[in-house]
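Chemist: give the three-dimensional model of this entry:
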Amino acid sequence: MDNIRTFIKKYLPVSLFRVLQPHYHLALAWWGAVKYNHPSRQITVIAITGTKGKSTTTELIAHILRGSGKKVASLSTIQFVIGDSASRNLFKMTTPGRFFVQKFLRQAVTAGCTYAVLEMSSEGARQFRHRFIDFDALVFTNLSPEHIESHGSFEKYKAAKLSIAHAVSQSTKRPRIIVSNVDDVHGDDFLNLEAEKKIPYALANLSLHTLHKDSVSLVLDGVTIRVPIVGLFNVYNTLAAIKLARALGVTLEAAAEILRTIPPIKGRVEQFESGKDKSKQLTAVVDYAHTVDSLEKLYQAFPDQPKVCVLGNTGGGRDTWKRPEMAAVAEKYCDHVILTNEDPYDEDPKKIIDDMVKGMSSTEKLTIIMDRREAIKKALELAPPGGYVLVSGKGTDPYIMEAGGKKTPWSDAEVVKELLAELK
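Modeler: Alright, predicted model coming up:
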């Protein structure tokens, strides 16, 4: 298939290639379903979509279902899990193509899984990777501008997300379930589709929610749920997971007990602490935050704490509009900002940084260190005892993407752990 695509792209005019490209992706989606004998018809398939919170919500739902005795497969930006077997997502994409999802579902069915939880991206939807999957349910988390240059407009970006909801609505399975965040201005649009169970969620559903240093707690229908993840955004993610789990028959009390035991979610507000000397201890946080809104919410999750913030910008040649805005957010919330290299692809990484600096009113608390490891090291040196170093943008991304297709293996978490171990 790759050879066919390369041949077509090489010899067809660009305008004709663009016309044929959607048909090419649709054909691949159809053939994948046929090749693996429509596995989604034999398993309960739950899709998670939105701009932010998809990976965490996927992991929360999968954890609840596993804890309730189900055998579960889950596919996310973080990892691929089938039953007890897990592997890191090394694709640098949320929803892999070339038959990957259909093969994944077939492997899940063969392994005896009864549920599959799939994080679904707009880029994947634009290439029809959600087509010919028989869905049972959808969770919509939120929507804010992202991938605008790729999609062409926010409206087209939203339409790609809604196409996943339409796929659920058009499913022959019953009951169809749509869970949607109605605190988001776009939430009702996902509920205005055909489904047997339409379940809105909002902070107003809670009697109380509290943000702790190391967890969040929610009071829903008289039951207190405490989950070892932080930030208001994770209150939303937890609420979404609980609403979906209840629709699938898991009791609120059971979900609350299961969520107490969830392990840290890799690359999503993942925290690491320095040595045991409390007087010198500092905390490093690794997070995927790569939109203006998600970056701001990450910083807001650690109020009244001294913060040294390390960030670049997501992907050279894309979403250039947000570069100065993200730097402005960092300047607003951080005591010191270190701008560094992230994923420049074929763009000059220094130009990306220069674009970011334009969003800052002053360079007084700015340092630029292009080497990402050195940037993190400097942040750890600058952070005072009790302070936080927030390393954002990559999360569990396995590579730094550079010019000419070069991929340098990378892990923010491993680098942070190594450098913390070197601190005296």
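Chemist: pull the helix or strand with minimum mean pLDDT from this structure.
Modeler: helix 2-11 (a mean of 56; mean pLDDT, DSSP states H and E).
Chemist: so residue 285 sits in a helix?
Modeler: No: membership of residue 285 in a helix is not supported by DSSP: H, G, I helix; E, B strand; the rest coil, which gives strand.
Chemist: tell me the contacts of it?
Modeler: 269-272, 298, 302, 388-391 (CB atoms under 8 Å, 6 or more residues apart in numbering). Placement of C-beta: from N, CA and C, glycine included.
Chemist: any chance of JSON lines for those, columns distance to residue 348?
Modeler: Shown next, in JSON lines, are those (distance: CB to CB, whole Å):
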{"residue": "269", "distance to residue 348": "31"}
{"residue": "270", "distance to residue 348": "30"}
{"residue": "271", "distance to residue 348": "33"}
{"residue": "272", "distance to residue 348": "32"}
{"residue": "298", "distance to residue 348": "27"}
{"residue": "302", "distance to residue 348": "32"}
{"residue": "388", "distance to residue 348": "31"}
{"residue": "389", "distance to residue 348": "27"}
{"residue": "390", "distance to residue 348": "26"}
{"residue": "391", "distance to residue 348": "23"}
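Chemist: biggest separation within those residues, which pair?
Modeler: Farthest-apart pair in the contacts of residue 285 is 272 and 298; separation 15.3 Å (CB to CB).
Chemist: of those two, who's got more company?
Modeler: residue 298 (25 against 18; other CB atoms under 10 Å).
Chemist: excluding its backbone neighbours, what's nearest that one?
Modeler: residue 289 (4.5 Å; CB to CB, 6 or more residues apart in numbering).
Chemist: can you get me a residue count around the one you found?
Modeler: Neighbour tally, residue 289, other CB under 10 Å: 28.
Chemist: again, but for residue 220
Modeler: 21.
Chemist: name the nearest residue to it, ignoring sequence neighbours.
Modeler: residue 206 (5.6 Å).
Chemist: which residues touch that neighbour?
Modeler: Contacts of residue 206 (CB under 8 Å, 6+ apart): 218-220, 235, 239.
Chemist: next one: residue 394
Modeler: Residue 394 neighbours (CB under 8 Å, 6+ apart): 267, 286, 288, 342-343, 410, 412.
Chemist: for residue 375, see how far away it is.
Modeler: Residue 394 sits 12 Å away from residue 375, going by CB to CB, to the nearest Å.
Chemist: residue 398 too?
Modeler: In terms of CB to CB, residue 398 sits 19 Å off from residue 375.
Chemist: check residue 340 too.
Modeler: 4 Å.
Chemist: those strands in the stretch 251-400 of the chain, which residues are they?
Modeler: Using DSSP state E, counting those that start in this stretch, the strands found in the stretch 251-400 of the chain span residues 270-273, 283-287, 307-311, 336-339, 366-368, 388-392, 399-401.
Chemist: sheet partners, orientation included, of the second one?
Modeler: Read that as strand 283-287. For strand 283-287, the paired strands and their directions (DSSP bridges) are strand 270-273 (antiparallel), strand 388-392 (parallel).
Chemist: same deal with the last one?
Modeler: Looking at strand 399-401 with DSSP bridges, its paired strands and their directions are strand 407-409 (antiparallel).
Chemist: following element in sequence after the partner strand, please.
Modeler: Next helix or strand after strand 407-409 toward the C-terminus (DSSP states H and E): helix 412-422.
Chemist: contacts for that following helix, please.
Modeler: 266-267, 270, 272-275, 284, 286, 372-373, 376-377, 380, 389, 391, 394-397.
Chemist: follow-up on the earlier one: which of the contacts of residue 394 ranks first by neighbour count?
Modeler: Highest count within the contacts of residue 394 by other CB under 10 Å belongs to residue 286, 28 neighbours.
Chemist: what pLDDT does that one get?
Modeler: On pLDDT, residue 286 comes in at 98.
Chemist: could you do residue 208 as well?
Modeler: The model's pLDDT for residue 208 equals 97.
Chemist: please apply the same query to residue 289.
Modeler: pLDDT, residue 289: 94.
Chemist: if I follow the layout properly, it ends up in contact with residue 392?
Modeler: Yes: if you go by CB atoms under 8 Å, residue 289 and residue 392 touch, sitting 4.4 Å apart.
Chemist: now do the shared contacts for these two.
Modeler: Contact criterion CB under 8 Å, 6+ apart; residues shared by residue 289 and residue 392: 295, 298.
Chemist: show me where pLDDT drops low in the stretch 101-250 of the chain?
Modeler: 147-149 (pLDDT under 70).
Chemist: for residue 38, give me its contacts.
Modeler: Applying CB under 8 Å, 6+ apart, the residues near residue 38 are 132, 134.
Chemist: one more time with 10 Å
Modeler: Neighbour list for residue 38: 32, 102, 105-106, 132-134 [criterion: CB atoms under 10 Å, 6 or more residues apart in numbering].
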